[in-house]
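Undergrad: Curious how this folds, go ahead:
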Amino acid sequence: MDMQKRPRRPPQPPPQAQHPEGCLVVAIRIPVRIFVFLVVLPVRLLWDAFAAAARFLWRYVLAPLGRAIGLILHALLVVPLIWLYRYLLTPLGHALRWLCARVFPPAGRALVWFYARVLTPIGHALVLLLTPAVKAVAWALHMLGTALYWTARVLLVVPALTLWRWILAPAGRVLGIVLTEIGEALGHAWRAAGHVARAVGRVLGTLFRWIFLEPARWVYRTVLTPVGHVVRDLVLHPAAEAARAIGRAVRQARADLRRALFGEPRRPAPVDRREPRGRDTRTLDG
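TA: Numbering: from 1, shown residues only. Presented below is the predicted three-dimensional model:
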């Protein structure tokens, strides 16, 4: 008997029925996608070319220029502004805060007293004297607002609702379908044009390698390298040996000329250090 209870699987939701697409959607989709692909393909090729040029320009031209301009602006603007903030605006702000703390509280207390003792009684008196006139004006405004509301509803709202329900809403649905299909067609065409642009780029890269790089590599490997080795072995090495021999002969001639003019240089006399020479050196025992 199985003593362990198996976990109960959650009930699977019933598969939703896929509604078939309408004839209008199918009739719009295929021509729009074909036309948009033919229009988007040259644009995508130009876009990829401009993007490659822009990446090169930003990486090797504008980025170093921007760093240089940033350093110059930092030296010309940021450092003086920091100095101005630290040594001028900050002390001035502290002085203004001290002045506000000493001057404005008495003025504020005076304004509060004036509001409580003068303006408030005047306001209460005005309310007591204008109350019936205010009620009459409010009733007149209410009646005028009601009349304007029903007039605007009859003349504007009802025709606008009718126009929206029976003309604009169906036209908007059709236009929405058309715009949706155009947007999806643009997305598909842009992705397909990207694949085509990458294939064209690979083909151009392969042609460039076959036409320029491989012949140049073959010429370098087959012609220039053996010629360079021959030039090195037959010209450069003998020339270097000849130059070294000439240098040695020149140094020897200068040494002979110096000996002929000034004689042999004097050798320093040996200094007696009172130490035995050879194998019989002095030790601590001897």
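
Undergrad: For the rest of this, base every contact and every neighbour count on C-alpha atoms.
TA: Fine.

Undergrad: can I get the CA coordinates of stretch 96-106 in CSV?
TA: What follows is stretch 96-106, C-alpha atoms only, in CSV (Å, rounded to 0.1, in the frame of the first residue of the first chain):
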residue,chain,number,x,y,z
LEU,A,96,22.8,85.7,4.9
ARG,A,97,21.6,82.9,7.2
TRP,A,98,22.8,84.7,10.2
LEU,A,99,21.1,87.9,9.0
CYS,A,100,17.8,86.1,8.3
ALA,A,101,17.9,84.5,11.7
ARG,A,102,18.4,88.0,13.4
VAL,A,103,16.1,90.2,11.2
PHE,A,104,13.1,88.2,9.8
PRO,A,105,11.6,86.7,13.0
PRO,A,106,10.6,90.1,14.4
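
Undergrad: For stretch 52-61, measure first residue to last.
TA: End-to-end span of stretch 52-61 (C-alpha to C-alpha, to the nearest Å): 14 Å.

Undergrad: Now do it, average pLDDT.
TA: Stretch 52-61 carries an average pLDDT of 81.

Undergrad: And for stretch 111-127?
TA: Averaged over stretch 111-127, pLDDT sits at 75.

Undergrad: any idea how far residue 113 is from residue 122?
TA: If you go by C-alpha to C-alpha, the gap between residue 122 and residue 113 works out to 14 Å.

Undergrad: Okay, now the unreliable bits of the chain?
TA: Within the chain, the set of residues satisfying pLDDT under 70 comprises 1-28, 103-104, 107, 126-129, 131-134, 263-286.

Undergrad: Apply 80 and report the result again.
TA: Filtered on pLDDT under 80, the chain yields the residue ranges 1-41, 44-45, 52, 58, 95-112, 114-115, 118-120, 122-141, 257-286.
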